[in-house]
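Asker: I'll drop the sequence and a predicted model, then ask my questions.
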Amino acid sequence: MGQSFRSIRTGVRTHNYTILIKYPNTGAPTPDDINIMVMSWRNPRATKIPIDEDFMSISDNPMSGASIAQISRWLRICIYSHAACWTRREMTTRVEARPPTRLIDLHDQHTNMWNIIVTASPSRNYIYVALSHRWTSAVPKLTRKNFSLFEAGQPDNVLPLDYQHVISLCRTLSIRYVWVDSLCIIQDSPEDFQHEAATMADVYSGALLTISICWPSQSGCMPIRDPSSFMPKVLSPKNRGFQEAVALLVNESDFGRDVLYSPVNSRGWVLQERVLSPRVLYLTKEQFYWECNNVIACEVHPNGIPILNSKEYHRRINVTHHAPGESKIDTWSRVISVYTRSSLTFHKDKFVALSGVARQMASLDGDEYIAGLWKSSLLLDLLWSPISSNMAKQRDCYAPSWSWASMLGEVDTHCTLLVSDYEVREFTTFSIHGTKPLALVQNTFVLPRGPDRFGDITDARIDVKCLVIPMTIDKCSDKISFQRLPTENNPNWRSRK
């Protein structure tokens with residue numbers, strides 16, 4: 001059973017906690033009993049939440065047999081038992097999709113050598129892991145100069161410890177191939193980058209698993225840990241009648257702190273890696289976390305984190321199956337909100353770093369992608385605004401001024417507010433009996449920089465025909481106040497926003 005309460009102070013930080021009650025199958029305590037057993041609440045509300053039996057046996061070594069067995073179990077259950085993950089795989093796997101151009105061959109557990117291979121046979125089924133990570137000065141890069149050396153083979157110890165730990169984990173899981181952007185894309189070849197960037201949807205959606213290094217460090221991504229720092233706290237029962245029951249104090253903020261707000265998830269490129277991947281294993285400083293379409297889990301709660309799986313704001317962005325009550329517009333609005341909060345080293349990558357997600361969404365319904373907007377909802381998509389009045393536009397013109405991509409910082413798309421108020425339909429004229437359209441899209445034009453219509457662009461235009469409403473601006477501030485000028489039909493009509 002569960003109870004949640006706020007603002008438990010530990011040291012100098014304030015966290016949200018939930019109390020989970022584990023009890024024998026017989027004689028389950030009532031909410032009133034829990035109230036006595038743990039502490040006094042004015043309005044106790046209890047819900048039955050499953051708690052795993054063996055969560056107390058977590059090793060300080062992340063490469064322990066128990067931890068590796070848990071990862072294998074997550075992978076096996078997801079592949080063979082999760083209907084939602086099967087459906088996602090079927091919808092995102094294109095018939096014409098081919099394996100990544102290059103992969104890292106790890107060979108087997110009995111070697112400490114790796115080499116780059118070129119996947120010459122598009123029909124061969126390569127089972128590989130994709131890596132999601134944050135670039136640092138220590139990241140090794142594939143270049144035209146060292147290509148032949150990397151193709152011939154290199155020892156593991158030429159790589160930083162983060163990479164070595166991932167390689168060791170993959171070999172232990174009997175996974176032979178890994179895709180890493182820095183080593184599988186020729187970094188000093190703009191042509192190769194442009195070509196490979198257009199394949200990101202296939203690379204990540206086609207991976208068996210994506211491993212995400214949440215906290216990069218010179219000491220590696222899987223350090224020795226202290227399980228006592230993240231284990232739920234056991235509270236002693238106050239009621240002698242329930243001595244067999246166990247109350248656990250669980251920190252609700254763990255997943256957010258360890259994963260959502262980790263350095264890797266502040267990168268703009270990583271959003272599409274997370275969204276496109278069928279399943280993600282997060283390597284954090286404390287424990288492994290698992291995320292797929294069916295469940296969010298961790299070593300403490302291997303069958304699913306009860307708190308997170310019941311909270312809407314933690315649900316995974318799914319571009320193939322919109323959440324209940326959501327439309328495509330809502331899903332894209334969430335994508336843009338998260339994406340524009342993230343950072344990019346090069347702002348010119350604004351479109352290409354999201355091209356995989358756009359390509360996958362377009363493949364499902366054939367909608368036309370127009371510089372970050374969709375033709376089917378273009379008029380609504382144009383209603384974005386910057387979150388802060390201090391936000392600036394990009395100095396270099398990598399996006400048209402009417403696209404959210406022209407801004408530096410987070411934008412609000414307003415879609416969830418407007419979809420229920422307005423009907424989006426295709427019209428070709430304003431002369432329609434019984435219907436008064438506010439605007440019509442006359443024409444759209446996008447000129448991509450290369451062959452990828454979802455990547456960089458050199459020109460984009462939209463022609464919109466609409467009603468003109470005359471107004472005067474009284475004041476420019478965060479909240480703009482305006483008045484519409486009187487007309488013949490509405491001589492006294494005034495509105496304030």
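Answerer: Everything's here; your move.

Asker: quick one: low-confidence parts of the stretch 151-300 of the chain?
Answerer: Applying pLDDT under 70 to the stretch 151-300 of the chain picks out residues 233-252.

Asker: for the helix or strand harbouring residue 77, which positions count as buried?
Answerer: Assigned by DSSP states H and E, residue 77 belongs to helix 65-81. Residues of helix 65-81 classed as buried by neighbour count (16 or more other CB atoms under 10 Å): 67, 70-71, 74-75, 77-79. All C-beta spots, glycine's among them, are computed from the backbone N, C-alpha and C.

Asker: got those residues as CSV, with pLDDT and distance to residue 253 columns?
Answerer: Listed next are the buried residues of helix 65-81 as CSV, based on pLDDT from 0 to 100; distance: CB to CB, whole Å:
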residue, pLDDT, distance to residue 253
67, 94, 22
70, 95, 22
71, 97, 24
74, 97, 22
75, 96, 27
77, 95, 26
78, 95, 25
79, 93, 31
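
Asker: Check those residues against residue 406 and report the nearest one.
Answerer: residue 78 (39.2 Å; CB to CB).

Asker: quick one on the thing from earlier: from the contact counts, what lies against the helix holding residue 77?
Answerer: Using 3 or more CB pairs under 8 Å, 6 or more residues apart in numbering; DSSP states H and E as the contact test, the elements touching helix 65-81 are helix 161-172, strand 279-283, strand 288-292.

Asker: The last one pairs with which strands?
Answerer: The strands that strand 288-292 pairs with in its sheet are strand 279-283 (antiparallel), strand 296-298 (antiparallel) (by DSSP bridges).

Asker: coming back round to it: contacts for the helix holding residue 77?
Answerer: With contact meaning CB atoms under 8 Å, 6 or more residues apart in numbering, helix 65-81 is reached by 57-59, 61, 85, 169, 172-173, 208-209, 278-279, 281, 288, 290, 292, 294, 297, 299, 302.

Asker: out of the helices and strands packed on helix 65-81, nearest to residue 354?
Answerer: Nearest of the helices and strands packed on helix 65-81 (CB to CB): strand 279-283, 17.7 Å.

Asker: Send over that closest one as PDB, restricted to the C-alpha atoms.
Answerer: What follows is strand 279-283, C-alpha atoms only, in PDB (Å, rounded to 0.1, in the frame of the first residue of the first chain):
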ATOM      1  CA  ARG A 279      14.200   0.300 -24.900                       C
ATOM      2  CA  VAL A 280      16.800   2.200 -22.900                       C
ATOM      3  CA  LEU A 281      19.100   1.100 -20.100                       C
ATOM      4  CA  TYR A 282      20.300   4.100 -18.100                       C
ATOM      5  CA  LEU A 283      23.700   3.900 -16.400                       C
END
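
Asker: Give the burial count for the closest residue to residue 207 other than its chain neighbours, as a bare number.
Answerer: Leaving aside its chain neighbours, residue 207 sits nearest to residue 130 (3.9 Å; criterion: CB to CB, 6 or more residues apart in numbering). By other CB atoms under 10 Å, 27 other residues sit near residue 130.

Asker: in the sheet, who's paired with residue 130?
Answerer: Beta-bridge partners recorded for residue 130 (DSSP bridges): residue 179, residue 210.

Asker: from what I can see it touches residue 175, true?
Answerer: No - with contact defined as CB atoms under 8 Å, residue 130 does not reach residue 175; the gap is 11.0 Å.

Asker: quick one: the residue lying closest to residue 259 once chain neighbours are set aside from residue 149, how far?
Answerer: Leaving aside its sequence neighbours, residue 259 sits nearest to residue 282 (CB to CB, 6+ apart; 5.0 Å). Using CB to CB, to the nearest Å, residue 282 is found at 32 Å from residue 149.

Asker: Mind checking which of those two has more residues around it?
Answerer: With neighbours defined as other CB under 10 Å, residue 282 and residue 149 compare such that residue 282 has more, 26 against 14.

Asker: Quick check: the more buried one vs residue 229, distance?
Answerer: 17 Å.

Asker: So the closest residue to residue 352 other than its chain neighbours: helix, strand or coil?
Answerer: In this structure, residue 352 finds its nearest non-sequential neighbour in residue 455, 4.4 Å apart by CB to CB, 6+ apart. With DSSP: H, G, I helix; E, B strand; the rest coil as the basis, residue 455 sits in coil.

Asker: Determine the number of other residues adjacent to residue 455.
Answerer: Around residue 455 there are 22 other residues, counting by other CB under 10 Å.

Asker: hang on, it packs against residue 356?
Answerer: No - counting by CB under 8 Å, residue 356 is not a contact partner of residue 455; they are 9.9 Å apart.

Asker: still on that earlier bit, mind putting the buried residues of helix 65-81 in JSON lines, distance to residue 376 included?
Answerer: Converted to JSON lines, these look like this (distance: CB to CB, whole Å):
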{"residue": "67", "distance to residue 376": "46"}
{"residue": "70", "distance to residue 376": "43"}
{"residue": "71", "distance to residue 376": "40"}
{"residue": "74", "distance to residue 376": "37"}
{"residue": "75", "distance to residue 376": "37"}
{"residue": "77", "distance to residue 376": "37"}
{"residue": "78", "distance to residue 376": "32"}
{"residue": "79", "distance to residue 376": "34"}
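
Asker: Out of these, give me the two with the largest separation.
Answerer: Across the buried residues of helix 65-81, no pair lies farther apart than 67 and 79, at 19.1 Å, counting by CB to CB.

Asker: phi, psi of residue 255?
Answerer: Here is the backbone geometry of residue 255 (degrees, to the nearest 10): phi -70, psi -40.

Asker: Hmm, residue 297 and it touching each other?
Answerer: No - using CB under 8 Å, residue 255 is not in contact with residue 297; the gap is 10.0 Å.

Asker: Would you mind listing the residues in contact with residue 355?
Answerer: For residue 355, the contact set (CB under 8 Å, 6+ apart) comprises 197-198, 200-201, 272, 452, 454-455.

Asker: Skipping adjacent residues, who's closest to residue 194 in space?
Answerer: Per CB to CB, 6+ apart, closest to residue 194 is residue 450, 5.1 Å.

Asker: now that neighbour: how far from residue 346?
Answerer: Separation of residue 450 from residue 346 (CB to CB): 16 Å.
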